[in-house]
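*Asks:* Build me a structure from this.
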Amino acid sequence: MTSPRTAELRRETSESSIRLSIDLDGTGQSSISTTVPFFDHMLTAFAKHALVDLTVEAHGDTAIDVHHTVEDTGIVLGQAIRAALGDKTGIARFGDALVPLDEALAQAVVDVSGRPYLVHSGEPAGFELHLIGGHFTGSMVRHVFEAITMHAGLTVHLTVLAGRDPHHIAEAEFKAFARAFRQAVAPDARVQGVPSTKGAL
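*Replies:* Residues are numbered from 1 along each chain as shown. Okay, here's the model as predicted:
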């Protein structure tokens, strides 16, 4: 695995403008500006705990809702991950993590399978309606992970096992995903070729 595992993408629509770059073999450095402060916080946490270098510049019609900007950023992040992974030669493929944040506890399992699938459960009733930081609804957490998994070609199981504070729950989910993702995309010196009996992922 000698070639750089990086990608830089742009997406322009009538609803949002996204510029994003990623280095899967980074050190967790990030520069995030989406005009949605809590989402910036979550993407910064993802970069730090996944040990990827991530730059995001995004803006959109947040005067209407943050939905378009957040979801479209998730789409581009997924596309960039898929591009940076290349043919997936030599990766561990699977990762799992259990991450607490005070009273909240989240578990993530990631398979770089090439088959997009998200199983997302355990968020408490009403979480999806809560405004975190006064602008980011809890429902956007699932939307982000749907966008990432679909466009990166990942199978992800994400479960909230405990939690009361919506900020803590969301952050535990992002950190758990980051740690599991870090394991899954890491080079494994014992893996010869692509880690699949099919010979492709």
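
*Asks:* Roughly how far does the closest residue to residue 49 other than its chain neighbours sit from residue 51?
*Replies:* Spatial nearest neighbour of residue 49, excluding adjacent residues (C-beta to C-beta, 6 or more residues apart in numbering): residue 178 at 3.7 Å. For the C-beta atoms, the positions are set from N, CA and C on the backbone; glycine is no exception. In this structure, residue 178 and residue 51 are 8 Å apart, going by C-beta to C-beta, to the nearest Å.

*Asks:* which of those two has more neighbours?
*Replies:* Set residue 178 next to residue 51 and count neighbours by other C-beta atoms under 10 Å: residue 178 wins out with 25 against 19.

*Asks:* if I look at that one, how far off is residue 45?
*Replies:* With C-beta to C-beta as the criterion, residue 178 and residue 45 are 7 Å apart.

*Asks:* cool, residue 22 as well?
*Replies:* Counting by C-beta to C-beta, the gap from residue 22 to residue 45 is 15 Å.

*Asks:* more neighbours, those two?
*Replies:* Applying other C-beta under 10 Å to residue 22 and residue 45 shows that residue 22 carries more neighbours, namely 25 against 21.

*Asks:* what's the pLDDT at the more buried one?
*Replies:* Note for residue 22: predicted pLDDT of 98.

*Asks:* again with residue 196
*Replies:* So residue 196 comes in at 86 (pLDDT).

*Asks:* now residue 200
*Replies:* On the pLDDT scale, residue 200 gets 84.

*Asks:* and it, what are its phi and psi?
*Replies:* When read as degrees, to the nearest 10, the backbone of residue 200 gives phi -160, psi 150.

*Asks:* Excluding covalently adjacent residues, which one is nearest to it?
*Replies:* Nearest one to residue 200, counting by C-beta to C-beta, 6+ apart, is residue 194 at 6.0 Å.

*Asks:* what number of residues lie near residue 200?
*Replies:* 9.

*Asks:* Adjust the sequence numbering to begin at 27 for everything that follows.
*Replies:* Taking 27 as the first residue, the last one we looked at is residue 226.

*Asks:* Contacts for stretch 122-138 next, please.
*Replies:* By C-beta atoms under 8 Å, 6 or more residues apart in numbering, the list of residues contacting stretch 122-138 from outside reads 111, 114, 117, 119-121, 148, 179-191, 194-195, 197-199, 201-207, 209-211, 227.

*Asks:* Now list the buried members of those residues.
*Replies:* Neighbour-count burial (16 or more other C-beta atoms under 10 Å) is assigned, among these, to 111, 114, 117, 119, 121, 148, 179-186, 189, 194-195, 197-199, 201-207, 209-211, 227.
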